[in-house]
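> the sequence and its predicted three-dimensional model are supplied below.
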Amino acid sequence: MRYRTRVTAPAAALLGTATVLAAGAPALARPFSAGEKSGDARTGGSTPAPGPETLGDPVYPALGNDGYRVHAYDLDLAYDATTGLVDATATLRIRTTQGLSRFSLDALGLDVSAVRVDGREAAFERADEKLRITPARPLRERADVTVCVTYTADPRRTLPHTAWVPTPDGFAICPQPNSAHTVFPCNDHPSDKADFTFRLTVPSGLRGVANGLLTCTENLPGDRTAYSYRSRSPIATELVQITVGDYVVKERPGPHGLPLRDVVPTARAAALEPALALTAGQVAWLEDRLGAAFPFETYGLLPCNSDDPNAFDFTGLETQTLTLYKPNFLLQEEAKIGSHMMHELVHSYFGNLVSPATWADLWLNEGHADFYGLLYRYERGWPDSLGLTTMEARMKDTYARGDQWRHDSGPVAAPNEVNLFDNQRYLGGVLVLYAFRELVGEAAFHAVERTFLDRFRHRSASTEDYIAVATEVTGQDRAGFLRDWLYGTTTPRMPGHPDWTVTPVTPTPAVPHSLRGGHHHDNSATLSTI
């Protein structure tokens, strides 16, 4: 999950999404389909035209581009420790879905020096956060095309938003939700997942690490080393991780032979070991709870090598196969960190294995992560931030706040950019899942969860997809029930708890509601203290 400093906005902007009620969240301008990802190489069809520079996301309407789908990214980055700059080449394999005279990639803060399309030099221009590319020849529909962009990036450049996390010895990245394109040009939307390979060239003595597994290490002239990685599964751009620094990679076995690897600041390896040793048991617990094996080739933690409180404004961030943390957080006792470590681990399933179709579907990520993170906490008898020790007690407290949160932050599944990461998407999402479990029972609830994960494995899914699975698996129409909980402006009655009451709304300024005053996005209930 991503945390940012609190911001405010006029009431109309904050509550605009509250009008999206039982009808559900708006769909993408042109939804993605598995068929487009795996179609044949025929060409023809539509007359070439400029590709749309949006996918119509309800939270980030300018994010993403249409007219093509990305099959794969190959990122080749070289870090210069003297200048602090990154020289890079991003090679994209795309497949057009219409004839294109021009198309665009998301890009911000990248100094682009050349673009080639199928080996031919292409014209390009910058327009806001878009890199507009005009190929030497128009692209036909259903054509497989290679796009190569050469550029330089400065991780310390001041931008309106950025994924770069500079450290004294290099950098890490935190792309979620809309900043991957400050690191590499891309179709920066979770609905367009793609394969990734990485080649990271760094000064010898530093380590370069990315998602997936190490495939090659090369010793190069000039006292440099290149590390290559490949992911076995598609990745959403917001889940990419690339880090460079004075790290040691610690490997250990996980459940069922799963290789675990942690990327740890060399000077802190011993101090962080107690936290790192917890992962194997957490993976085993989650596999048993979900009835599904861990979905990726590896997993581990990346305590970023920086103690600067301003280096990044979140506690943990799930990037696929490697979760980024503030190092000092992991130096605490297990009771302080275990629940939140579970929250981030759950994102390997809800968020990474199955990504949100639009950013309005974020509650599927954060609601599930907090749901299982709290279950893990209460099973171990660790009091939560309110001093409560059972899910029922926490949900009763959350239920009482329901109308106030809907007033302040809109419905659970209808966020906007300002309130996207407030606690309505976290605990509000937990409350929805709890209510559904109370309605259908434990066995049916877990059958829905397993079916949802299996059906949308390595794809993106929407709120409506979850509702459809709930209806199918339980054999009854659950749409009305779930839409009332997800899109209603008032809190429905809680099944099985007729005595639970909702506290009347107190008129307040329409700002995103947060459990934590300092950081708007520090809203996971799995964090131990307020």
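Cool, got the structure. Residues are numbered from 1 along each chain as shown.

> can you show me the strands along the stretch 251-400 of the chain?
259-265, 301-303, 316-319, 322-325, 354-356 (DSSP state E, counting those that start in this stretch).

> mean confidence score for stretch 385-395?
Taken as a whole, stretch 385-395 carries a mean pLDDT of 97.

> quick one: end-to-end length of that stretch, please.
Stretch 385-395 has its terminal residues 13 Å apart, counting by Cα to Cα, to the nearest Å.

> next, the contact list for Leu110, please.
131, 151-153, 181-182, 184-185 (Cβ atoms under 8 Å, 6 or more residues apart in numbering). Where you see a C-beta, it was placed from the backbone N, CA and C, and this is true even at glycine.

> ugh, wrong one, Leu276
250, 252, 262, 264, 300-301, 330.

> Leu290 too?
Going by Cβ under 8 Å, 6+ apart, the list of residues near Leu290 reads 349, 372, 446, 449-450, 453.

> just these now: which is nearest Leu63?
Tyr349 (24.0 Å; Cβ to Cβ).

> low-confidence ranges, the stretch 1-150 of the chain, go.
1-45 (pLDDT under 70).

> report pLDDT for the closest residue to Trp285 other than its chain neighbours.
Closest residue to Trp285 apart from its sequence neighbours, by Cβ to Cβ, 6 or more residues apart in numbering: Tyr376 at 6.5 Å. pLDDT for Tyr376: 98.

> surely Tyr376 touches Met342?
Yes - using Cβ atoms under 8 Å, Tyr376 is in contact with Met342, at 4.2 Å.

> overlap in contacts, those two.
282, 285.

> for Pro303, which non-adjacent residue is closest in space?
Pro327 (3.8 Å).

> which residues does the one you found contact?
Pro327 neighbours (Cβ under 8 Å, 6+ apart): 265, 268, 272, 303-307.

> please name whichever of the residues you listed scores lowest on pLDDT.
Asp307 (79).

> gap between the closest residue to that one other than its chain neighbours and Pro309?
Once flanking residues are discounted, Asp307 sits nearest to Asn328: 6.5 Å by Cβ to Cβ, 6+ apart. To Pro309, Asn328 is 9 Å away according to Cβ to Cβ, to the nearest Å.

> equivalent analysis for Gly67, please.
42 Å.

> higher neighbour count, those two?
Gly67 (25 against 9; other Cβ atoms under 10 Å).

> just the closest of the contacts of Pro327 to Val145, please.
Out of those, the member with the shortest distance to Val145 (by Cβ to Cβ) is Cys304, at 35.8 Å.

> wait, what's in contact with that closest one?
165, 167, 172, 243, 311-312, 324-327.

> angles on the backbone of it, please.
phi -60, psi 140 (degrees, to the nearest 10).

> related to what we said a few turns ago, so which of the contacts of Leu290 comes closest to Val147?
Using Cβ to Cβ, the contacts of Leu290 come closest to Val147 at Tyr349, 31.7 Å.

> so which helix or strand takes in the closest residue to that closest one other than its chain neighbours?
Excluding the flanking residues, the one nearest Tyr349 by Cβ to Cβ, 6+ apart is Leu453, at 5.8 Å. If you go by DSSP states H and E, Leu453 is part of helix 442-455.

> same deal with Tyr466?
Counting by DSSP H and E, Tyr466 is found in helix 463-474.

> avg pLDDT for that helix?
98.

> the inter-axis angle of that helix versus helix 442-455?
130 degrees (axes from the mean of the first three to the mean of the last three Cα atoms, to 10 degrees).

> just how off-centre is helix 463-474 within its chain?
22 Å (Cα atoms, centre = their mean, to the nearest Å).

> in it, what's buried?
463-471, 473-474 (16 or more other Cβ atoms under 10 Å).

> tell me what it is packed against?
helix 362-379, helix 423-440, helix 442-455, helix 479-487 (3 or more Cβ pairs under 8 Å, 6 or more residues apart in numbering; DSSP states H and E).

> quick one on the thing from earlier: of the contacts of Cys304 - the most surrounded one?
In the contacts of Cys304, the most neighbours by other Cβ under 10 Å go to Ala172, 29 neighbours.

> which ones are touching the closest residue to it other than its chain neighbours?
Leaving aside its chain neighbours, Ala172 sits nearest to Thr243 (4.1 Å; criterion: Cβ to Cβ, 6+ apart). Going by Cβ under 8 Å, 6+ apart, Thr243 touches 170-173, 208-210, 263, 302, 304.

> narrow the contacts of Leu110 to just the buried residues.
By 16+ other Cβ under 10 Å, these give 131, 151, 153, 181-182, 184-185 as buried.

> return the subset of the residues you listed lying in strands.
131, 151, 153 (DSSP state E).

> relative to Arg120, which of those residues is nearest.
For these, the nearest to Arg120 is Leu131 (16.8 Å; Cβ to Cβ).

> how about the contacts made by the closest one?
104-107, 110, 112, 115, 124-125, 149, 185.

> alright, that wraps it up for me.
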